[in-house]
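# Any chance you could fold what I've pasted below:
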Amino acid sequence: MDMLWSGWGDPARATPLPGTVTDLLRDLLGVKPRGTGPVALHDLTVPESPLAAGAHRALVTALGGEEHVRTDPETRVRHTRGKSTPDLLRIRDGDVADIPAAVLLPATHDEVLAVLRVCAGNSLPVVPFGGGTSVVGGLAPERHGPFVALDLRRMNGLLALDPVSRTATLQPGLRAPRAEALLAEHGFTLGHFPQSYEWATIGGFAATRSSGQASAGYGRFDEMVLSLTLATPEGTLDTGRAPRSAAGPDLRQLVLGSEGALGVITSVTVRVRPVPRTRLYEGWHFPSFAEGAAALRRLAQDGPRPTVLRLSDETETLIGLAQPDAIGSGAQASAGCTAVAGYEGTEEDTAYRRERAAAVLRASGGTPLGEEPGRRWADGRYSAPYLRDALLDAGAFAETLETAAFWSRVPGLYAAVRDALTTTLTGAGTPPLVMCHISHVYENGASLYFTVVSAQGEDPVAHWARAKHAANEAILAAGGTISHHHGVGTDHRDWYVREAGPLGVDALRAVKRRLDPSGLLNPGVLLPAD
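Prediction:
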């Protein structure tokens, strides 16, 4: 099944907002219904594919058949940009300026190499495409002339499983739910469950340094990767042959997070763990965000660390965003903040960690809310993107951004970003509702995930561009990183360049010139195009 072309996920799961929510939006933010939905797919004005005949023939030969080089309008539209709110607003209004000339469907590593050689010979930029879930401009390259999307969906297998070492080798186009199903047949799990889980792919997880909602227990995806294979216009790069090595710099780390700018990831070997025998999630109440953050820090630093550990601030708790199906119901009307702690593993280990963690949370000012808030969070944790689409239909603007910092900087970062978003959007005439939660914790710091809802106004894309710019400036000034798990893309690139520094950027440029001499791999993503 393909994702909804003008929104998120399975079209059958798209539902309108309940009346309580539309009333809340009207009263709080002055949101007015749009009146019309997206342009119909068949009504889009799609230009003919500009792919040259010679390049088309060479690509058909490289991929072994005409059916693997698609130039029809619908396929090309479905590979246009990603799923950020500006992406959706533009496509819903019929803007297909960033449409690829063709969508290519390789089935093997060698076919990817062949495609890259053809594209290099024809000066044709290539954008690797997994689940299409990018929210930072990672699928809209900066280029002059046509480009192709390299859809990896046919590379979707479990290539090898080593139960002794507890490793699995997976292909990049494998969607996360299918990967979990294949591993579960052998009693294993990745334990990687980001909000994009239902649609994102293994290759995308590696290319963006994804972080799942159970990262407190399982780690980030880049921590799971033991080795990988990269196809480039200059050949193949294989990295990693042992769990740890002192044989020079770790080239895996060069590829992880490279977002298709250095090559195309064609296989990933990851560590896996036994499927947990029990999963339990529960809620906790804290009087304030500061007190809740202090409690999470104690668990992250001194243990025991739950598998899932999250904290919503006062606004997010009040609105009920942590439980999308409860928004507007008044279920979260009490003051303070809600945390979710989750435990996965054996019955004995889960009970032991839960008991010890509860003692820490109580000592830090927490009040247990039982398992019901945790179950509601778990049941609705993949629902927020569908909610975003319904908000757009209702005339609201909804978008997210995230960052991370060391614990000592988290309070200042939180205040600075909230202030930047609120001030900028209020000044644009669209006063926002700004919510935040701690989504991932580490011994030395944590991530902050902000959600912004406002009226769309006359030009919502321009309003958000100004607000995002202000927030990005605030992030760097407050000592945060420009992205914790969404990646760089084009949206964060200029701030990433400042974060990495001139020498770091020059070093990455040198690597890109060696692997991609013509600069055809996702140009303008991660690094400015030459």
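
# Surely Glu66 and His56 touch.
No. Between Glu66 and His56 there is no contact under Cβ atoms under 8 Å: 9.0 Å. Quick note: C-beta positions are derived from backbone N, CA and C, even for glycine.

# quick one: which of the two has more around it?
More crowded of Glu66 and His56, by other Cβ atoms under 10 Å: His56, with 18 against 12.

# tell me which element the more buried one is part of?
Assessed by DSSP states H and E, His56 sits inside helix 53-63.

# Can you tell me which helices and strands that helix packs against?
Contact analysis of helix 53-63 by 3 or more Cβ pairs under 8 Å, 6 or more residues apart in numbering; DSSP states H and E lists strand 69-70, strand 102-104, helix 109-121 as its packing neighbours.

# Which other helices and strands does the least confident helix or strand in the chain by mean pLDDT contact?
Of all helical and strand segments in the chain, the minimum by mean pLDDT, DSSP states H and E falls on helix 19-29, at a mean of 84. Under the contact criterion of 3+ Cβ pairs under 8 Å, 6+ apart, helix 19-29 touches strand 445-455.

# Can you give me the buried ones in the first helix or strand past the strand it packs on going along the chain?
Remark: after strand 445-455, the chain's next helix or strand is helix 460-477, criterion DSSP H and E. For helix 460-477, a neighbour-count test (16 or more other Cβ atoms under 10 Å) marks 460, 463-464, 467-468, 470-472, 474-476 as buried.

# Can you list the buried residues in the helix or strand following helix 460-477?
Later in the chain than helix 460-477, the nearest helix or strand by DSSP H and E is helix 493-500. For helix 493-500, the neighbour count (16+ other Cβ under 10 Å) marks 493, 495-497, 499-500 as buried.

# Check which element follows helix 493-500 along the chain.
Going down the chain from helix 493-500, the next helix or strand is helix 502-515, by DSSP H and E.

# Residues in contact with that following helix: which ones?
230, 232-234, 237, 254, 261-263, 497, 500, 519, 521, 526-527, 530 (Cβ atoms under 8 Å, 6 or more residues apart in numbering).

# Give me the buried entries from the residues you listed.
Among these, those buried by neighbour count (16+ other Cβ under 10 Å) are 230, 232-233, 237, 254, 261-263, 497, 500, 519, 521, 526-527.

# In TSV, list the residues you listed along with pLDDT and distance to Pro146.
Shown next, in TSV, are those (pLDDT from 0 to 100; distance: Cβ to Cβ, whole Å):
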residue	pLDDT	distance to Pro146
Leu230	98	24
Thr232	98	21
Pro233	98	17
Leu237	98	27
Leu254	96	29
Ala261	98	19
Leu262	98	22
Gly263	98	21
Val497	98	27
Ala500	97	30
Gly519	96	15
Leu521	98	15
Leu526	96	21
Leu527	96	21
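
# give the contact list for Pro274.
Going by Cβ under 8 Å, 6+ apart, Pro274 touches 187-189.

# Tell me the spacing between it and Asp10.
Between Pro274 and Asp10 the distance is 30 Å, computed by Cβ to Cβ, to the nearest Å.

# The helix holding His56 vs helix 109-121, what angle?
Per axes from the mean of the first three to the mean of the last three Cα atoms, to 10 degrees, the angle that helix 53-63 makes with helix 109-121 is 170 degrees.

# Going by neighbour count, list what's buried in helix 53-63.
Applying a neighbour-count criterion of 16+ other Cβ under 10 Å, one finds 55-56, 58-60, 62-63 buried in helix 53-63.
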